[in-house]
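Colleague: this is a predicted model, with the sequence first.
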Amino acid sequence: MANGKRRFRIRENIPSWADLRALGEIRAINNISYALLLMVPVLAAVWPVGRSLLADFDVNMPHLPSGLVSAFFASLGIFLAHIIYQWRCPAVIKNLSLQDYQVRQVSFYDAVTTDGFIETYCDQVSTLSATVDRDKVGGDLFDLVWELPLVRRQIEHQKGLQVSQSVAVSKAAKADIVRRLANVEYLVLSNKQPNFRLVCAMFYGMSVILVAAIVFRQVYFVAREGGLL
């Protein structure tokens, strides 16, 4: 039982696709990593020649600089992580932030009539409620399932209307409901494919650690040579 709970907590702590998007959509990082992946192997291939040339100036460097080696493996990690991100991350997450997705959904539903909105809303919520654990979305899904139907029934009861009669939903209320629904949908998409998210996060994490080591090493050298250490 303890092992099962531990595995569950690990899955809960895996970064979501929305979290990984912060690195996956930075083109500068990807472009630099591609350049290093091409440049460092070329340097490694010609290094015997470069080593002999440096020896003429009494410079002894039998191996490639450790910074370049670390940068190569950091770039490799970013490259592999980016492949997984592009391959398995849902298109909505790759193309839109949460705010952009909410704006798009509000714009889409804005043109839908009240009855059509309620019908579409209930279909969307029904689909989500059948496939998603309420606890994984912090209870928001439960609120979405009941909020609009309850509001509609309360209004109908107060006005003495028949169930078959339509009830107006204000534009602001509709936009708020759609934003909350979009938030849940985005969260559900962000937490798909946990195994691929874990591998992607591990590659990104390895790269971040290597880059931090390179920066620390260079700061140390500068501080030492500058007489600060």
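Modeller: That came through fine.
Colleague: now for the chain, the helix or strand with the poorest mean pLDDT.
Modeller: Between all helices and strands in the chain, the lowest mean by mean pLDDT, DSSP states H and E belongs to helix 2-12, at a mean of 54.
Colleague: go through the longest helix along the chain and flag the buried ones.
Modeller: Secondary structure assigned by DSSP state H gives helix 194-225 as the longest helix of the chain. Residues of helix 194-225 classed as buried under the neighbour-count rule (16 or more other C-beta atoms under 10 Å) are F196, R197, V199, C200, A201, F203, Y204, M206, S207, L210, V211, I214. Where you see a C-beta, it was placed from the backbone N, CA and C, and this is true even at glycine.
Colleague: tell me what it is packed against?
Modeller: Here helix 194-225 touches helix 17-24, helix 66-88, going by 3 or more C-beta pairs under 8 Å, 6 or more residues apart in numbering; DSSP states H and E.
Colleague: make JSON lines from these and add mean neighbour count to it.
Modeller: Below are those laid out as JSON lines (neighbours: other C-beta atoms under 10 Å):
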{"stretch": "helix 17-24", "mean neighbour count": "19"}
{"stretch": "helix 66-88", "mean neighbour count": "18"}
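Colleague: minimum distance to M39: which of those helices has it?
Modeller: Closest to M39 of the helices and strands packed on helix 194-225, according to C-beta to C-beta: helix 66-88, at 8.6 Å.
Colleague: okay, the angle between the closest one and helix 17-24?
Modeller: Here helix 66-88 points in a direction 140 degrees away from that of helix 17-24 (axes from the mean of the first three to the mean of the last three C-alpha atoms, to 10 degrees).
Colleague: after helix 66-88 comes which helix or strand?
Modeller: In the C-terminal direction, the helix or strand that comes right after helix 66-88 (DSSP states H and E) is helix 91-95.
Colleague: not counting its own residues, what contacts the following helix or strand past that following helix?
Modeller: From helix 91-95 onward toward the C-terminus, using DSSP H and E, the following helix or strand is helix 98-110. Counting by C-beta atoms under 8 Å, 6 or more residues apart in numbering, helix 98-110 makes contact with 18, 92, 96, 117, 120, 171, 174-175, 178-179, 181-183, 185-186, all of which sit outside it.
Colleague: rewinding a little: can you lay out the helices and strands packed on helix 194-225 as a markdown table showing mean pLDDT and distance to S190?
Modeller: Conversion of those to a markdown table gives the following (pLDDT from 0 to 100; distance: least, C-beta to C-beta, whole Å):
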| stretch | mean pLDDT | distance to S190 |
| --- | --- | --- |
| helix 17-24 | 88 | 4 |
| helix 66-88 | 90 | 12 |
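Colleague: out of those, nearest to N31?
Modeller: When these are ranked by distance to N31, counting by C-beta to C-beta, first place goes to helix 66-88 at 10.4 Å.
Colleague: let me see the contact set for S66.
Modeller: Going by C-beta under 8 Å, 6+ apart, S66 touches R217.
Colleague: quick one: which of the buried residues of helix 194-225 is nearest to Q86?
Modeller: Nearest to Q86 among the buried residues of helix 194-225: C200, at 10.0 Å, using C-beta to C-beta.
Colleague: quick one: the closest one and L23 touch, right?
Modeller: No: contact criterion C-beta atoms under 8 Å: C200 and L23 do not qualify, at 9.2 Å.
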